[in-house]
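Enquirer: the amino acid sequence is not available; the structure is as follows:
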């Protein structure tokens, strides 16, 4: 099945009519476009749309096909002609392994999805609500007005605590959250460099950067082994995701192997900590840079709760808060680059894609395309109101993926993010301190470089702390 066959409006293209995609300019000998992907990758991926819907780029000696339109990225995700593979996943292999749901394909992936899906059913998520609310309010109580907050550490801590308590029934894990934060920051920045400049054997040399990567990787895998070993030693079998993994069977009815259990827990931590923490970081940045929306969130929360602490059951009614979360993810998606690999000769947008070819696309670039969004760089949560959201093209906003690769924790994550944003906005106003650096740090995920905020206690409920304003440019 070709990509065209999953798009009813498209007509099949005969092989003789297929074209070679244009080659992006600006490549250099040996590195190709890899140097541009290191120097300013967000700008590079964004400007590729000027060359066409499908564009060839060179990462070292390898030719990679870049997609620039939402319809083609959606078709790619829905087609069986492409598997999860390519430069991104190769760079992540030492972290994610080969046996977890993040990297598996075919029958193994379907079986693993069946194992973890019950933990994320819509009727299961309310059971996590009290933990989410408790952690959100504990965060606001731990901060002191006027102190400087290291938002990176705080975002990782709350993400890890919620994931550990909800899905792994783990302890609070404060010390492990710090280890996880440090390890993933080192790993994801290093893995991105290895993806865009694939120099293979050079990464085995005992250079300082390589040694730091190896130490971070070893500590991360040790942390995962500790979590699994502690559960086994306890003899307990709570109704959670870790128990489901420990009792899961493979296709032959035998218990799944230790490596698969390990890789699955890695996937839980990576998605639940790195990507959620990254989004919380950008939401904190939004609250500081757009106080008019923080004020509106506070007013909405007070209207819904009547002044009591916000709780999980309020989330569905926090519509503006939810729209702020979605708009933050549009402009600063945690996962800004994705890759696939063609498993057969096929086509995309009328261009020939040979078997074995790697395909790359950037949700960051797609979600900022002026063809899809009016005032595309404005931070405008109201674009997600029902009457305006219908103007957004299909697949132009897919923060949790599409098809059978869609993140199973989408509802879990949105509830968590909405609840945290509401709790923070109700208690505090935020301002950046002089030492803060909110420039984007690019790795496999996007982070503010060093986001340092000062929380200021809000006045009593019913009074205003700011003047609502109109849409303003994105940070």
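Expert: That came in fine, so what should we check first? Every value quoted in this text rests on a predicted model; they were computed, and no experiment measured them.
Enquirer: and residue 401, that's in a helix?
Expert: No: per DSSP: H, G, I helix; E, B strand; the rest coil, residue 401 lies outside any helix segment and is coil.
Enquirer: what's the neighbour count on the residue nearest to it when sequence neighbours are not counted?
Expert: Distance criterion CB to CB, 6 or more residues apart in numbering; nearest residue to residue 401, sequence neighbours excluded, is residue 407 at 5.4 Å. For every residue, glycine as well, the C-beta is placed using N, CA and C. Applying other CB atoms under 10 Å, we find 16 residues neighbouring residue 407.
Enquirer: from residue 51, how far off is residue 25?
Expert: 8 Å (CB to CB, to the nearest Å).
Enquirer: quick one: which of the two has more around it?
Expert: Shown here are residue 25 and residue 51; by other CB under 10 Å, residue 51 has more neighbours (17 against 10).
Enquirer: the more buried one touches residue 24, doesn't it?
Expert: Yes: using CB atoms under 8 Å, residue 51 is in contact with residue 24, at 5.6 Å.
Enquirer: other SSEs contacting whatever helix or strand residue 165 lives in?
Expert: Per DSSP states H and E: residue 165 is located in helix 151-167. Applying 3 or more CB pairs under 8 Å, 6 or more residues apart in numbering; DSSP states H and E, one finds that helix 151-167 makes contact with helix 129-142, helix 174-196, helix 258-269, helix 276-289, helix 410-427, strand 446-450.
Enquirer: average model confidence for that helix?
Expert: On average, the pLDDT along helix 151-167 is 87.
Enquirer: that helix to helix 129-142, inter-axis angle?
Expert: In terms of direction (axes from the mean of the first three to the mean of the last three CA atoms, to 10 degrees), helix 151-167 departs from helix 129-142 by 150 degrees.
Enquirer: low-confidence ranges in the stretch 101-250 of the chain?
Expert: By pLDDT under 70, the low-scoring segments of the stretch 101-250 of the chain are 101-103, 171-174, 198-199.
Enquirer: let's see 50
Expert: Residue ranges of the stretch 101-250 of the chain with pLDDT under 50: none are present.
Enquirer: cool, and the stretch 351-475 of the chain?
Expert: 466-472.
Enquirer: now do 80
Expert: Along the stretch 351-475 of the chain, the model assigns pLDDT under 80 to residues 403-408, 459-475.
Enquirer: could you pull out the helices for the stretch 351-475 of the chain?
Expert: 363-366, 386-389, 410-427 (DSSP state H, counting those that start in this stretch).
Enquirer: give the buried residues for the longest helix that the chain contains.
Expert: For the chain, the helix with the greatest residue count under DSSP state H is helix 208-234. By 16 or more other CB atoms under 10 Å, the buried positions in helix 208-234 come out as 213, 214, 216, 217, 220, 221, 223, 224, 227, 228, 231.
Enquirer: would you turn these into JSON lines with distance to residue 92?
Expert: As requested, the buried residues of helix 208-234 are arranged in JSON lines below (distance: CB to CB, whole Å):
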{"residue": "213", "distance to residue 92": "13"}
{"residue": "214", "distance to residue 92": "15"}
{"residue": "216", "distance to residue 92": "14"}
{"residue": "217", "distance to residue 92": "11"}
{"residue": "220", "distance to residue 92": "12"}
{"residue": "221", "distance to residue 92": "13"}
{"residue": "223", "distance to residue 92": "17"}
{"residue": "224", "distance to residue 92": "15"}
{"residue": "227", "distance to residue 92": "20"}
{"residue": "228", "distance to residue 92": "20"}
{"residue": "231", "distance to residue 92": "25"}
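Enquirer: and the two most separated of those residues?
Expert: Maximum pairwise distance in those, criterion CB to CB, is 28.3 Å, between 213 and 231.
Enquirer: ok so, going back, relative to residue 312, which of the helices and strands packed on helix 151-167 is closest?
Expert: Among the helices and strands packed on helix 151-167, helix 129-142 sits nearest to residue 312 (CB to CB), with 2.6 Å.
Enquirer: number of residues surrounding residue 440?
Expert: By other CB under 10 Å, the residues close to residue 440 number 15.
Enquirer: spatially nearest residue to it, not counting backbone neighbours?
Expert: Closest residue to residue 440 apart from its sequence neighbours, by CB to CB, 6+ apart: residue 446 at 5.6 Å.
Enquirer: with residue 19 instead?
Expert: In this structure, residue 19 finds its nearest non-sequential neighbour in residue 351, 5.4 Å apart by CB to CB, 6+ apart.
Enquirer: the one you found pairs with what?
Expert: Under the criterion DSSP bridges, residue 351 forms beta bridges with residue 19, residue 348.
Enquirer: the residue nearest to residue 401: what's it in contact with?
Expert: 271, 400, 401, 413 (CB atoms under 8 Å, 6 or more residues apart in numbering).
Enquirer: ok, of these, which come out buried?
Expert: Buried, going by 16+ other CB under 10 Å: 271, 400, 413, out of the contacts of residue 407.
Enquirer: in TSV, list the residues you listed along with distance to residue 146.
Expert: TSV is the format used below for these (distance: CB to CB, whole Å):
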residue	distance to residue 146
271	34
400	37
413	31
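Enquirer: which one of these sits closest to residue 306?
Expert: Closest to residue 306, out of all of the buried ones among the contacts of residue 407 and judged by CB to CB, is residue 413, at 27.0 Å.
Enquirer: tell me how far the closest one lies from residue 84.
Expert: Separation of residue 413 from residue 84 (CB to CB) stands at 20 Å.
Enquirer: count of residues packed around residue 427?
Expert: As a burial measure, residue 427 scores 21 neighbours (other CB under 10 Å).
Enquirer: once you drop chain neighbours, what's closest to it?
Expert: residue 140 (4.4 Å).
Enquirer: before we move on, what about residue 32?
Expert: residue 58 is the one closest to residue 32 (CB to CB, 6+ apart), at 2.8 Å.
Enquirer: and residue 56, how far is that from residue 365?
Expert: 16 Å.
Enquirer: before we move on, what about residue 438?
Expert: Applying CB to CB to residue 438 and residue 365 gives a distance of 20 Å.
Enquirer: those two: which is more packed in?
Expert: Legend: neighbour count by other CB under 10 Å for residue 438 and residue 365, higher for residue 365 (24 against 21).
Enquirer: do you know the pLDDT at residue 15?
Expert: For residue 15, pLDDT reads 59.
Enquirer: residue 97 against residue 265, yeah?
Expert: No: with contact defined as CB under 8 Å, residue 97 does not count as touching residue 265 (10.3 Å).
Enquirer: compare the two and say which is more crowded by neighbours.
Expert: residue 265 (22 against 19).
Enquirer: contacts only, for that one.
Expert: For residue 265, the contact set (CB under 8 Å, 6+ apart) comprises 168, 224, 227, 228, 242, 245.
Enquirer: wait, residue 135 sits on residue 164?
Expert: No: using CB under 8 Å as the test, residue 135 is too far from residue 164 to be in contact (10.2 Å).
Enquirer: residues near residue 246, how many?
Expert: Counted with other CB under 10 Å, the neighbours of residue 246 add up to 14.
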